[in-house]
Every structure is written in C-alpha cells, then in structure tokens.
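**Q** coords below, sequence missing:
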C-alpha cells in the first residue's frame, strides 16, 4: 500500500465513521431520548458531581480532584480503545456520539474513587482498590448492562476488575504525592 492509498483508505474509514455516528444520533434522538434509561444516564452524569460538591473535603479537594481527573483521562483512553475494537458498547447515550459515555467514566467512576480516597484514608489502599474494582466490575457494570447502558461484547468483567484496581492504586499514589505546593517564582 502506498502513502496515497493509505490516505484514501483513511478517507473511506472517516466517511463510514461519520455514517455510523449519524445512525447513533438517529437512534438516540428517535428511540432513546427521554426514556427512563436516558434519564437514569442523565442522573448518573449529574448526581455524583452534586454529591462530590457537597461532601468533598475542601482542604484537599484540588489534590483529590487531580487524582480523579487522572482516572477520567485514563478511562477515556482505554474506553475509546475498547469501543473502537468492539469489546463493549454503550447503547443508550445522553450525548449521541459513538464512543462517549459520560455517565459512567466521567462521573460515577471518578467521583466514587475520589470519595474513597477522601474517606477512611488510613485503610489499606489495596483493600480499597479491590473493593472499588469488585464493586465496579461485578456489580456496577452488570447493572448497567441490565438497563442497556452498557453492552459487553468481547470482554470479561475480570479484565475490568483488574483495570479498576489499577486505576484506584494509580489515583491513590498520585493523591499522596508531596508536589502539591504553591507555585514559586524561584526554581
């Protein structure tokens, strides 16, 4: 394949992606919007952040939010790969875009993680990580699947369990860094 052939193939693929996204927009706008599943997804997007705003520790919220933001970025990257390679899908969406699922990975996942980092900080992080991974993979994801907000295609919940454990441990490590100090002009 030549360079130009590659460009032509990418152009065809981009056209198919655009057509696929149009199918998703039509499905969301004509079949899913304002259904009870859609409202649950909206609630899952908004309510966790309200809870975070109320219950966050204001003295360390920037540090904990940074750890949550790191997890949002990591989960966004991994989720994009998973959806792109057909490992799972998000049938009912709040925003009608193929790879977007704001409700879980940009709301529930980071907020639960941040609250777990904040409360009972003396508990062993490995215990919290296993709880976070187990609850997310074996309770949260099957529940989302039952109400059509998640569809497992070629994936095992155990993979998600291990990934969620890793997310928690990385976030815990990041939140414990001593580099969260005021910015000084002197280097």
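**A** Received it, and whenever you're ready, just let me know what you need. Given the structure is predicted, the values throughout are model-derived calculations rather than measurements. Numbers count the residues shown, from 1 in each chain.

**Q** quick one: residues contacting the closest residue in space to residue 130 that isn't next to it in sequence.
**A** When the adjacent residues along the chain are set aside, residue 130 lies closest to residue 165, with 6.2 Å between them (CB to CB, 6 or more residues apart in numbering). Bear in mind the C-beta positions are built from the backbone N, C-alpha and C, glycine included. The contact partners of residue 165, by CB atoms under 8 Å, 6 or more residues apart in numbering, come to 129-130, 132-133.

**Q** what sits up against stretch 41-52?
**A** Taking CB under 8 Å, 6+ apart as the criterion, the residues outside stretch 41-52 that touch it are 92-94, 102-104, 106-108, 111-112, 114-115, 149.

**Q** let me fix that, I meant to ask about stretch 115-132.
**A** Residues lying outside stretch 115-132 but in contact with it, judged by CB under 8 Å, 6+ apart, are 51-52, 55-57, 60, 64, 67, 112-113, 164-169, 171-172, 175.

**Q** mind redoing it with 6 Å?
**A** For stretch 115-132, contacts defined as CB atoms under 6 Å, 6 or more residues apart in numbering pick out 57, 64, 164-165, 168-169, 172, 175.

**Q** which of those residues are buried?
**A** Neighbour counting over the contacts of stretch 115-132 (16 or more other CB atoms under 10 Å) leaves 64, 164-165, 168-169, 172, 175 as the buried ones.

**Q** which members of those residues occur in helices, if any?
**A** Applying DSSP state H to these, the entries found in helices are 64, 164-165, 168-169, 172, 175.

**Q** report the separation between the residue sitting nearest the centre point of the chain and residue 119.
**A** Most central residue of the chain, judged by C-alpha distance to the mean C-alpha position with CA atoms, centre = their mean, is residue 105 at 1.5 Å. When CB to CB, to the nearest Å is applied, the distance between residue 105 and residue 119 equals 22 Å.
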